[in-house]
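# sequence? don't have it. structure:
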């Protein structure tokens, strides 16, 4: 999960940079050609978009080793981005030290890394992006900061990593330094933090991405284009041409972070000759690649994380679906009110109570069994992020946790 959050940070930075180059190219095109934005090359690519697979790597701040490696495939048809995180210590043949993160460093050649990732995954790669990861703060500052509502005071210090987080609860505009603090936050010095753990933390990262995208799309960003374009060219090395970027511009604008799904290359850490490596599991890798990259064009009506739930036939009778409703807000009687609505619809509500916290959580609908009932519950309530927490001895089929985003 730690790797996932790091990747969210990098993905956000990539969004910033791509937006800067995209918008800059459009402005330059219109100035040079004298044409309206609607006459730009954008209009030439409305029906030709194809599924793309891109290798994204970030350089370590202190040298040419890659700090992270992410293989991502985007489907215009389904709107999904499925990605595979490749641990930097993955054992390979032919790099400087036997680890994949020194593959690029050997010749400063991204094609070497592309070939090595293809060798491991058997996935054909269309393009690459190499990102300098030192400029997160600069990029956020360049766009004028990111508006965020901090759910609670965040205070954490780690002298070993030179990481110091000090954020106050409430709505505010995060500058580069504070944005990095927010994204890296896991827990407070006293052990408190996100009530739902990594589930809520991931939701917070998604909210950050949404806010970042909205900020970059504001008309006022035009005045910041020179600095953004300069940073973009300083920080990105890619073989993606501007025509390809323009082709997917509308998709980037409409992108929903809930459609981003990231898994880690299967394997385990081990010591070989007293050196720490991550040894990937070739057999399990085939299974993960099949799931992430070969079925991404299939359009799914839901964008929630239900990939681990078996697609079994739903029981015919609503009264056979047992539900517990928990109030995660400070509004008295909310769980009772929702429970009554569910009962009136014919569902079997077996438990009503309060959730363990009322601190700024969003509504969640959790599958407890291998049958996916959460989708129909969400459709009825009109709100809720679907999760899977399968339990062999589950006492209910579905748990509904009502958050501050639920309006009765």
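Nice, I can see it. Values in this document were obtained by computation on a predicted structure and should not be read as measured data.
# double-check that residue 366 belongs to a strand.
Yes. When DSSP: H, G, I helix; E, B strand; the rest coil is applied, residue 366 is found to be in a strand.
# so how far is residue 398 from it?
Applying CB to CB, to the nearest Å, the value for residue 366 to residue 398 is 7 Å. No exception for glycine: its C-beta is placed from N, CA and C like everyone else's.
# tell me, what's touching the two both at once?
With contacts taken as CB atoms under 8 Å, 6 or more residues apart in numbering, residue 366 and residue 398 have residue 374 as neighbours in common.
# how is this structure partitioned into domains?
2-293, 318-402 (automatic domain parsing).
# lowest average pLDDT across the ones you listed?
Out of those, domain 2-293 stands lowest, with a mean of 77 (criterion: mean pLDDT).
# just give me how far it sits from the chain centre.
9 Å (CA atoms, centre = their mean, to the nearest Å).
# same thing with stretch 345-364?
With CA atoms, centre = their mean, you get 26 Å for stretch 345-364.
# so which bits of that stretch are buried?
Buried residues in stretch 345-364, counted by 16 or more other CB atoms under 10 Å: 347, 349, 352, 355, 359-364.
# kindly report the same for stretch 166-178.
By 16+ other CB under 10 Å, the buried positions in stretch 166-178 come out as 167, 172, 174, 176, 178.
# now do the helices in the protein.
For the chain, the helices defined by DSSP state H cover 2-33, 103-107, 110-121, 136-142, 176-184, 198-216, 225-235, 242-247, 249-254, 282-293, 334-345, 374-381.
# contacting residues around the closest residue to residue 272 other than its chain neighbours?
Residue nearest to residue 272 in three dimensions, not counting chain neighbours: residue 91, with 7.3 Å by CB to CB, 6 or more residues apart in numbering. Going by CB under 8 Å, 6+ apart, residue 91 touches 98-100, 272, 277-280.
# quote the end-to-end distance of stretch 155-163.
For stretch 155-163, the first-to-last residue distance is 11 Å (CA to CA, to the nearest Å).
# quick one: residue 114 from residue 182, how far?
As judged by CB to CB, residue 114 and residue 182 stand 33 Å apart.
# cool, and residue 60?
Distance of residue 60 to residue 182, given as CB to CB: 22 Å.
# those two: which has the busier surroundings?
Ranked by neighbour count (other CB atoms under 10 Å), residue 60 and residue 182 place residue 182 first, with 20 against 16.
# contact partners for the more buried one?
148, 150, 154, 165, 167, 174, 204, 208.
# recalculate using a threshold of 10 Å.
Taking CB atoms under 10 Å, 6 or more residues apart in numbering, we find residue 182 in contact with 9, 146, 148, 150, 154, 165, 167, 172, 174, 204-205, 208.
# now residue 334: closest residue in space, sequence neighbours ignored.
Using CB to CB, 6+ apart and skipping the chain neighbours, the partner closest in space to residue 334 is residue 327 (4.8 Å).
# give me the neighbour count for residue 283.
For residue 283, using other CB under 10 Å, the count is 8.
# next one: residue 164
Counted with other CB under 10 Å, the neighbours of residue 164 add up to 12.
# my guess is it contacts residue 185, does it?
No. Contact criterion CB atoms under 10 Å: residue 164 and residue 185 do not qualify, at 11.1 Å.
# which neighbours do the two share?
With contacts defined as CB under 10 Å, 6+ apart, the residues shared by residue 164 and residue 185 are 155-156.
# how near is the residue nearest to residue 272 to residue 104?
For residue 91 relative to residue 104 (CB to CB), the value is 16 Å.
# same deal with residue 321?
Going from residue 321 to residue 104 by CB to CB gives 52 Å.
# hang on, residue 394 packs against residue 323?
No. Contact criterion CB under 10 Å: residue 394 and residue 323 do not qualify, at 11.7 Å.
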